[in-house]
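Asks: pasting the sequence and the predicted coordinates here, then a few questions.
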There are 2 protein chains.
Amino acid sequence: MRSLPRSRLQAQKATLPGTVPEGTRRRILETALRLFASHGFHGTSIRDVAKELGLQPSALYSHFPAKENILAELVQVGHETLHEVLRTALLNAGSEPAEQVRALVRAHTILHATHSQLAVVVNEELHALPPELAAPALALRHQASALLLEVVKRGVAMGRFSPPHLEATAAAISAMGVRIPYWYEPAGALTADSLAELHAELALRMLGGR
Amino acid sequence: MRSLPRSRLQAQKATLPGTVPEGTRRRILETALRLFASHGFHGTSIRDVAKELGLQPSALYSHFPAKENILAELVQVGHETLHEVLRTALLNAGSEPAEQVRALVRAHTILHATHSQLAVVVNEELHALPPELAAPALALRHQASALLLEVVKRGVAMGRFSPPHLEATAAAISAMGVRIPYWYEPAGALTADSLAELHAELALRMLGGR
DNA sequence: GTCTATAGACGGATAGAC
DNA sequence: GTCTATCCGTCTATAGAC
C-alpha cells in the first residue's frame, strides 16, 4: 500500500468489542482493524500495521503466526459479538413476535452503528481467509441469520406478520443494518438509539406487523 | 494471489453492460471483473488476469496504462449503467410518486440481480482508486441516490408517503438492492422480475405508501 | 499487439542477538 | 518481546524483438 489511495471509511476510534485483554496483542488487532477497514486486507501490509504501532514488522510475529491470523481473530470476534448480542436481545424480549423483531433489529442496528469498522471488515474481508479459518465465523453467521428468520416464521404462523416473501423480507431487514457503516455518521443528528428505533419500525412495516 | 483462498461470489458469466466493443480489451475487462469480484482488486494480480486470458502480463499494457485503469473503467461503466437505468425508469414512470418509487426500485433491483459481479466491484473496490479516478463515478452515484430521495420527498409533500425518516428510509430502500449479490441466486426459484416486484412492495410498505 | 526477458520495488516471513 | 538484517517470492511495469 505505497500509494494510500482512498479510504473506505473515515478512520474512527477502532474499538474492539469482546474480551481481548489489553497489551500489544490488542493494539495490533485494533490497528489492523482500522487499516483493514480503510484499505482492505490485501491493501494493508504487515509493514503498515507495524509502522502505525511504532514496531518493527518482525515484532508482530511474536503475537500472531501470520497476517491472516490477525484477520481471522477480528472476523471471529465480530461474529461472536453479533451472535451474542442478538441472542441476548431475543432472550430479553417478550414472546410477542413484533417485540422479538424489534429487539433483534435494534441490537443489529446498534452493533453496526457503534462498530462500523469491525462490521466492514467482517463483511468484506472474510473472503480473504482460507476456508478452515473462515468456517467457525460462517457457522455463527448462519446461526445469527436463522434467529431472525425463525422469529419471522413464527410471527407469520401466529398471524401477526404478512411479509410478501419470507427470505427476501428477512434479507431486506438484515440489509438495513449491514449497510449502516456506509452512510451513517455517529457524529450527526441521528443517534444510534434513534436509528435503531427507526429500523425496528421499518422492519415491522415490511413484515406487515402494524 | 498465490493461495486462492475463498471466493466472494460464485464465478458466473461476468457480462459487461454498456457499449464496450468486442475484442481483447473487452475480454480483459470481463476477466478482471470476474477476478476482482471474487478476490478483490488487491487480491488479483495482473498475472492472474493475463493467465486467465492465455496472454503474457505485458500484453495487457497495450490496452490499459496500468492495473488501476482497468478497475476505473469497470467502476465507471457500472455507475453509468446504474444512472442510465434509473433515469430511464423514472422517465417511463407516471407522475404518481408510488409509481415512480416502484419504477426506481424495480430497475435498481434488476440491475443488481443481473449484474451482481459488477455491483460488488463497484461497491467494494471503488476505494482502491485514487481520488481523481474515482471522482466521476462518485458524482454519478450521488446523482443516482438523489433521484430516489427527490421522489420520496415529493411523495411526502403530496401526502402520499409517511416514512419515519427521509434519509434512513431511502438508505434502507437502497440497501435492499445493494445487498442482492450476497444472497440472491439467479438459478433459484425467485426470478429477478419477481424480486423486483417484491422489493418495490417492501419499499412502499416502508414509505407508508399503501 | 503479443512475445521474452527483466528491472526494481514490495510482499510475508524467518534467523539470531539482546 | 523487540530489535537488525535478510531471504526470497511476487508485484507492477518497461524494454525491445517480432
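Replies: Alright, I've got the coordinates. Numbers count the residues shown, from 1 in each chain, chains lettered A, B, ... in the order given.
Asks: contact partners for the most centrally placed residue in chain A?
Replies: Nearest to the geometric centre of chain A sits A:Ala119, at 3.1 Å (CA atoms, centre = their mean). Shown in contact with A:Ala119 (CB atoms under 8 Å, 6 or more residues apart in numbering or on different chains): A:78, A:111-112, A:178, A:180-181. For every residue, glycine as well, the C-beta is placed using N, CA and C.
Asks: 10 Å instead?
Replies: A:Ala119 is in contact with A:9, A:37, A:78, A:81-82, A:111-113, A:177-182, counting by CB atoms under 10 Å, 6 or more residues apart in numbering or on different chains.
Asks: excluding residues flanking it in the chain, which one is nearest A:Glu30?
Replies: Excluding its sequence neighbours, the residue lying closest to A:Glu30 (CB to CB, 6 or more residues apart in numbering or on different chains) is A:Ala14, at 5.0 Å.
Asks: re earlier: would JSON lines of the contacts of A:Ala119 with secondary structure and pLDDT be doable?
Replies: Shown next, in JSON lines, are the contacts of A:Ala119 (DSSP: H, G, I helix; E, B strand; the rest coil; pLDDT from 0 to 100):
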{"residue": "A:Leu9", "secondary structure": "coil", "pLDDT": "77"}
{"residue": "A:Ala37", "secondary structure": "helix", "pLDDT": "98"}
{"residue": "A:Gly78", "secondary structure": "helix", "pLDDT": "98"}
{"residue": "A:Thr81", "secondary structure": "helix", "pLDDT": "98"}
{"residue": "A:Leu82", "secondary structure": "helix", "pLDDT": "98"}
{"residue": "A:Leu111", "secondary structure": "helix", "pLDDT": "98"}
{"residue": "A:His112", "secondary structure": "helix", "pLDDT": "98"}
{"residue": "A:Ala113", "secondary structure": "helix", "pLDDT": "98"}
{"residue": "A:Gly177", "secondary structure": "helix", "pLDDT": "98"}
{"residue": "A:Val178", "secondary structure": "helix", "pLDDT": "98"}
{"residue": "A:Arg179", "secondary structure": "coil", "pLDDT": "98"}
{"residue": "A:Ile180", "secondary structure": "helix", "pLDDT": "98"}
{"residue": "A:Pro181", "secondary structure": "helix", "pLDDT": "98"}
{"residue": "A:Tyr182", "secondary structure": "helix", "pLDDT": "97"}
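Asks: in a markdown table: those, plus neighbour count and distance to DNA strand C.
Replies: Shown next, in a markdown table, are the contacts of A:Ala119 (neighbours: other CB atoms under 10 Å in any protein chain shown; distance: CB to the nearest atom of the strand, whole Å):
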| residue | neighbour count | distance to DNA strand C |
| --- | --- | --- |
| A:Leu9 | 18 | 20 |
| A:Ala37 | 28 | 16 |
| A:Gly78 | 27 | 20 |
| A:Thr81 | 19 | 25 |
| A:Leu82 | 26 | 26 |
| A:Leu111 | 24 | 28 |
| A:His112 | 25 | 27 |
| A:Ala113 | 23 | 30 |
| A:Gly177 | 26 | 30 |
| A:Val178 | 19 | 27 |
| A:Arg179 | 21 | 28 |
| A:Ile180 | 28 | 28 |
| A:Pro181 | 21 | 23 |
| A:Tyr182 | 16 | 25 |
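Asks: which of these sit farthest apart?
Replies: Based on CB to CB, the longest span within these runs between A:Thr81 and A:Tyr182 and measures 19.5 Å.
Asks: before we move on, the earlier item: burial count for the residue nearest to A:Glu30?
Replies: Per other CB atoms under 10 Å in any protein chain shown, the neighbour tally for A:Ala14 reads 21.
Asks: which SS state does it fall under?
Replies: When classified by DSSP: H, G, I helix; E, B strand; the rest coil, A:Ala14 comes out as coil.
Asks: how about the one 4 residues further on?
Replies: Here A:Gly18 is recorded as coil under three-state DSSP.
Asks: torsion angles phi and psi at A:His42?
Replies: When read as degrees, to the nearest 10, the backbone of A:His42 gives phi -70, psi -20.
Asks: ugh, typo on my part, it should be A:His79
Replies: Phi and psi for A:His79, reported as degrees, to the nearest 10, are phi -70, psi -40.
Asks: quick check: it touching A:Pro136?
Replies: Yes: taking contacts as CB atoms under 10 Å, A:His79 lies within contact range of A:Pro136: 7.7 Å.
Asks: more neighbours, the two?
Replies: Of the pair A:His79 and A:Pro136, A:His79 is the one with more neighbours under other CB under 10 Å, namely 22 against 14.
Asks: contact partners for that one?
Replies: With contact set as CB under 10 Å, 6+ apart, A:His79 has these partners: A:118, A:122, A:126, A:134, A:136-141, A:143-144.
Asks: quick one: the residue of chain A most remote from its centre from chain B, how far?
Replies: Distance from the centre of chain A peaks at A:Gly159, with 31.3 Å (CA atoms, centre = their mean). To chain B, A:Gly159 is 18 Å away according to CB to the nearest CB, to the nearest Å.
Asks: what are the phi and psi values at that residue?
Replies: Here is the backbone geometry of A:Gly159 (degrees, to the nearest 10): phi 80, psi 10.
Asks: got it, and A:Gln100?
Replies: Note on A:Gln100: backbone dihedrals following degrees, to the nearest 10 are phi -70, psi -40.
Asks: please name the residues that touch it.
Replies: Taking CB under 10 Å, 6+ apart, we find A:Gln100 in contact with A:89-90, A:93-94, A:147-148, A:150-152, A:154-155.
Asks: need the residues touching each of A:His79 and A:Pro136.
Replies: Joint contacts of A:His79 and A:Pro136 (CB under 10 Å, 6+ apart) do not exist.
Asks: please parse chain A into its domains.
Replies: Annotated domains of chain A cover A:24-66, A:68-207 [automatic domain parsing].
Asks: quick check, the shortest one touching DNA strand D?
Replies: Meaning domain A:24-66. Yes: using CB under 7 Å from any atom of the strand, domain A:24-66 reaches DNA strand D at A:24, A:54-59, A:61-63.
Asks: thank you kindly, that will do.
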